[in-house]
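In: Okay, predicted coordinates and the sequence, questions at the end:
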Amino acid sequence: MVHQGNMTQRLVIPRCPSLDLNVGVEMQNSIKSSFWAVALISLITWSTPLCADSDDFQHWIKRQQLRALNLLYKNISAPGTAAGSVIASPSKADPNYFFHWVRDAGLVMDPLIRIFMSTNDPGIKQRIFDETHRYVQFSRKLQLTPNLSDGLGEPKFFPNGDAYNESWGRPQNDGPAIRAVSLIRFTRHLLKLGHEDYVQEYLYDSFEPSESLVKADLDFVAKQWRQKSFDIWEEVLGDQFYTRLVQRRALLEGADLALQLGDSISAKGYRQEAAKLSTIILKHWDVNRSRIIPTLSTQSGPDKSSGLDMSVILASIHALGADQFFSPSDDRMLATAARLVAAFQELYAINQASNGMGPALGRYPEDTYDGVHTGNRGNPWFLTTIAMAEFTYYAKRDFLKAGVVKITELNAPFFRWVWPSEDLQPGTEILKDSPLWEDLMDALLRFGDDFIRRVAFHINRQTGEMSEQFDQDTGFMRGAPNLTWSYAGFLTATWVRKVAEPR
Ligand code: NOJ
Ligand code: NOJ
């Protein structure tokens, strides 16, 4: 079961791999009649063809978005779970992922909330509102459930809401921040629609201590961010770049929301804590090794001598905001991204022949978790490979906005991956009206797309299903099947592709 999926059957595929579009008639009909087809119309991406086969690629993306959304939705309030819970995967053994992880759930609700915000269809709006309301109620119940983290940093619960009282890497303090960031988006939109009463009752009540979900999460972050936390891979205890960056974002978004709701005291407090985080986060930049270090003051956990971890890239896209703090176009981010790509390119056998695809990416080079057991060889993951696409699309968006790309010593290694050209020496500035501009922008889109093409090659092509990992030698899927986060990542990444469009 775990090994279902597609092998790398075709040895040579063209630069623009033609993806098999011959889905069965049954599948086509089910997609056409799918409820979600309507929801996606406003978000589907179409971009200028870049090569002969790119129409195929765009069709494939569109179809896969529908499948991803259907598969994601199945894991929310799934049979045998409490309403509003989000299982990480339906797999109950080898590995058992039949739990509600606070982090995964927040990331999974995010694309639904974005559809909620963008759709004009009242049926879809209502349906997502109802589902999100159930998630809000379930999450509030979890906030009040005694657990071994003794607070909101408990990483996972049984999907009936019971605490998981076995040993685990705890606390994981990114969870409340992620949940807050997703739900603040939801809250803002509800306020726009005039639902102050709902917001006051369930999301943000201005009380101290709060009885509402979002404010309780924000107060937890504001008070507890100095506490050491396990990383998002649940292995290393220390000060985490990912956790700190999303905590900072939650506090800044929370401050804006608090202000909007007249709670200026909380707004001020959140801002002050965010400012302290901003200073401390700078320490993660290792100037000698030109990379952002994922964990400082490590107290326990596996060897990570490379100092490279895809959680840094995920942090950049999950903590994105108007202030561009460690955003994907930041030189330090680009420097780190280039080293991550290089490390994984070399590490995995399936990356040795590119066949028009980008390299498959794992969590970190030293990883020994094979999807079931630790102590073996780690594999590439769907959600990390997809994240590099999303990261690149956002970087491109930033450059388009700025109207200039400045090549520096730090970002040059990234641009060498994107576009191997003598023209991109450190010190060069490429302006929007320069003859190189369009080519460079196309190359960035292409670089992002290549990671999506990699994903397209390893998923189950009949059903669009994605597990957690795919084997570094055979390309077969491995680990938890139908990992909900894989679908959420695919949706957010391919939606961003739209903003990355060239003209
Ligand atoms: C399960 C965790 O979910 C995974 O991230 C970790 O690598 C292994 N346990 C080993 O600790
Ligand atoms: C293991 C991953 O390392 C972790 O990030 C995730 O939260 C859990 N699996 C559940 O998907």
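Out: Alright, I've got the coordinates. Ligands and ions are numbered 1, 2, ... in the order given.
In: CA only for contacts and neighbour counts going forward, please
Out: Noted.
In: mind checking the backbone torsions on the nearest residue to Pro95 once chain neighbours are set aside?
Out: Of all residues not flanking Pro95 in the chain, Val372 sits nearest, at 5.2 Å (CA to CA, 6 or more residues apart in numbering). Dihedral pair for Val372: phi -130, psi -50, per degrees, to the nearest 10.
In: again with Arg291
Out: phi -160, psi 160.
In: Over to Pro155?
Out: Here Pro155 shows phi and psi, under degrees, to the nearest 10, equal to phi -70, psi -40.
In: How far away from the center of its chain is stretch 478-496?
Out: 8 Å (CA atoms, centre = their mean, to the nearest Å).
In: Flag every buried residue along that stretch.
Out: Residues of stretch 478-496 classed as buried by neighbour count (16 or more other CA atoms under 10 Å): 478-496.
In: Which of those residues fall in strands?
Out: Among these, the members found in strands (DSSP state E) are Arg478.
In: The residue nearest to Pro95 touches Tyr97, doesn't it?
Out: No: using CA atoms under 8 Å as the test, Val372 is too far from Tyr97 to be in contact (10.3 Å).
In: Which one of these two is surrounded by more residues?
Out: The residue with more neighbours, out of Val372 and Tyr97, is Tyr97; 20 against 15, by other CA atoms under 10 Å.
In: Pull the contacting residues for the more buried one.
Out: Taking CA atoms under 8 Å, 6 or more residues apart in numbering as the criterion, Tyr97 is in contact with 87-91, 480.
In: Residue of the chain nearest ligand 1, please.
Out: Trp233 (4.1 Å; CA to the nearest ligand atom).
In: That residue: how many residues sit nearby?
Out: 13.
In: give me phi/psi at it?
Out: Given degrees, to the nearest 10, the pair of backbone angles that Trp233 has is phi -90, psi 0.
In: And for Pro95?
Out: According to degrees, to the nearest 10, Pro95 has phi -100, psi 160.
In: can you tell me how far Gly153 sits from Thr243?
Out: Going from Gly153 to Thr243 by CA to CA, to the nearest Å gives 11 Å.
In: ok, now Glu166?
Out: For Glu166 relative to Thr243 (CA to CA), the value is 23 Å.
In: re earlier: intersection of neighbour lists for Gly153 and Thr243?
Out: Counting by CA under 8 Å, 6+ apart, the contacts common to Gly153 and Thr243 are 173-174.
In: that older thread, keep only those of the buried residues of stretch 478-496 that are in helices.
Out: The helices, defined by DSSP state H, take in 484-496 from those.
In: closest to ligand 2 among the residues you listed?
Out: Trp485 (6.8 Å).
In: Need the overlap of contacts for Val372 and Tyr97.
Out: Taking CA under 8 Å, 6+ apart as the criterion, Val372 and Tyr97 both touch Ala480.
In: give the contact list for the residue nearest to Pro95.
Out: Going by CA under 8 Å, 6+ apart, Val372 touches 94-95, 479-480.
In: go on, Ile184?
Out: Applying CA under 8 Å, 6+ apart, the residues contacting Ile184 are 214, 253-254, 257.
In: Neighbour-wise, give me the winner out of these.
Out: Highest count within these by other CA under 10 Å belongs to Val214, 29 neighbours.
In: hang on, that residue is in a strand, isn't it?
Out: No: counting by DSSP: H, G, I helix; E, B strand; the rest coil, Val214 is not part of a strand but helix.
In: quick one: it and Arg185 touch, right?
Out: No: look at Val214 against Arg185 with CA under 8 Å: they stay out of range, at 10.9 Å.
In: for the host helix or strand of Asp56, packing partners?
Out: Element membership for Asp56, per DSSP states H and E: helix 54-74. Judged by 3 or more CA pairs under 8 Å, 6 or more residues apart in numbering; DSSP states H and E, the packing partners of helix 54-74 are helix 25-32, helix 35-40, helix 484-499.
In: mean confidence score for the longest one?
Out: Taken as a whole, helix 484-499 has an average pLDDT of 93.
In: what does the first one give?
Out: Within the predicted structure, the mean pLDDT of helix 25-32 is 41.
In: Also the second one?
Out: Over the span of helix 35-40, the pLDDT mean works out to 61.
In: Return the nearest residue of the stretch 51-200 of the chain with respect to ligand 2.
Out: Ala88 (4.9 Å).
In: What about that residue, how many residues nearby?
Out: Ala88 has 30 neighbouring residues, counting by other CA under 10 Å.
In: Can you verify my assumption that it contacts Trp101?
Out: Yes: in this structure Ala88 lies within contact range of Trp101 using CA under 8 Å: 6.5 Å.
In: State the pLDDT value of the spatially closest residue to Leu251 that is not a sequence neighbour.
Out: Leaving out its chain neighbours, the residue that sits closest to Leu251 by CA to CA, 6+ apart is Tyr270, at 5.1 Å. Listed pLDDT for Tyr270 reads 98.
In: which SS state does Gly106 fall under?
Out: Following three-state DSSP, the label given to Gly106 is helix.
In: again but with Leu296, I slipped
Out: Reduced to three states by three-state DSSP, Leu296 is strand.
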